[in-house]
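Chemist: Got a sequence here, can you build the structure:
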Amino acid sequence: MNTMQPQIVGIQFQEIGKIYHFDGSNIQEIQVGDRVIVETSRGRQLGEVTHLVKDPPPPHEGTGKQVERRATPRDLVLNQSWQKKEVEALISCRERSSQLRLSEIKIIAAEFNFDGSRLSIMFNSETEEKVELKSLRQDMGKKYPGSQVELRQIGPRDVAKILGGMGACGLEERCCSKFLTEFSPISIKMAKEQGISLTPAEITGMCGRLRCCLYYEFEEYLAARKELPKRGKKVVTPQGEGKVINVNPITMNIFVELAEIGKREFSREEITPWDELETLRRKSQEPCSKNGDCNRDNPDKK
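Modeler: Modelled structure (predicted):
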């Protein structure tokens with residue numbers, strides 16, 4: 001029985017695209033940067049090895065499909081020639097979509113695989129109803145008879161990633177087009193935990209969805225807030241007792257409303273939760289136990 005571990009490699013098919021894992025054991029001395037041919041659910045694709053996986057799982061746990069072979073110079077030239085035809089295919093598909101009066105959809109991009117045997121057309125639709133695209137697929141198949149045509153619906157974030165452009169924050173290039181290879185789930189809770197204004201203009205990206213950057217520091221804010229008292233909690237400060245009205249997870253400072261003084265800012269080390277202090281007071285007032293041991297926190301207690 002062969003117990004050798006496979007050589008799992010990460011492969012990327014687009015410059016800023018998701019990384020998929022394949023078994024590269026059958027390629028001698030496979031290295032980062034190698035261009036390879038692999039079989040995927042969308043046909044044979046040309047990709048680039050981005051990293052070698054350390055300590056891969058044993059073969060019986062499943063490691064995905066194998067790398068077919070290294071790409072040849074002819075493969076690279078062939079890939080470039082089909083990439084040049086993608087703009088033509090996109091224009092043709094948009095024209096035909098307009099002729100068929102498919103106003104419910106927007107054709108976003110067209111992609112050939114490296115040898116042109118498959119044409120993927122990405123579109124976006126604002127309607128929840130299913131749009132009949134059989135005629136469009138057949139017409140594109142007639143225009144490119146050597147290619148299997150696939151019409152694939154994508155979401156608003158994928159549309160923004162493909163189209164690119166300036167980010168809502170003012171960056172010259174959107175995060176999704178610059179470095180994000182996958183989209184993380186974003187919720188309104190992330191904005192609330194970070195104290196960000198919930199005004200739509202403040203938390204909405206160019207795609208019309210919650211901004212991806214809300215995820216970047218969310219875990220750090222959660223960790224910091226666990227070390228800080230919650231709003232409304234009674235605390236004891238060097239200036240007396242008060243109630244927490246706000247916290248700053250970045251500076252780890254607490255804003256406290258003090259009676260007859262008003263709002264004051266304290267560091268985490270300067271305050272003590274009121275309930276913790278009460279617990280210490282109660283323990284200091286406990287009577288001696290039956291064995292004669294008294295609470296040492298209160299040496300004056302008889």
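Chemist: any idea where the helices of the stretch 101-250 of the chain begin and end?
Modeler: Here the stretch 101-250 of the chain has its helices, by DSSP state H, counting those that start in this stretch, at 134-143, 156-163, 175-178, 188-193, 200-203, 218-226.
Chemist: what's the closest of the ones you listed to E29?
Modeler: Minimum separation from E29 across the helices of the stretch 101-250 of the chain (Cβ to Cβ) falls at helix 175-178, 32.3 Å. In this view, the C-beta of every residue, glycine as well, is placed from N, C-alpha and C.
Chemist: could you dump the closest one to CSV, C-alpha only?
Modeler: Taking C-alpha atoms only, helix 175-178 is exported to CSV below (Å, rounded to 0.1, in the frame of the first residue of the first chain):
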residue,chain,number,x,y,z
CYS,A,175,-10.3,46.0,-2.5
CYS,A,176,-12.1,43.3,-4.4
SER,A,177,-10.2,44.1,-7.6
LYS,A,178,-6.9,44.7,-5.9
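Chemist: Tell me the helices and strands packed up against that helix.
Modeler: Counting contacts by 3 or more Cβ pairs under 8 Å, 6 or more residues apart in numbering; DSSP states H and E, helix 175-178 packs against helix 156-163.
Chemist: Buried residues in the helix it packs on, which are they?
Modeler: Under the neighbour-count criterion of 16 or more other Cβ atoms under 10 Å, helix 156-163 has R157, D158, V159, A160, K161, I162 buried.
Chemist: can you pull the contacts of the second one?
Modeler: The neighbourhood of D158, defined by Cβ atoms under 8 Å, 6 or more residues apart in numbering, consists of I108, M122, N124, F183.
Chemist: So which of those residues sit within strands?
Modeler: When DSSP state E is applied, the contacts of D158 are split such that I108, M122, N124 fall in strands.
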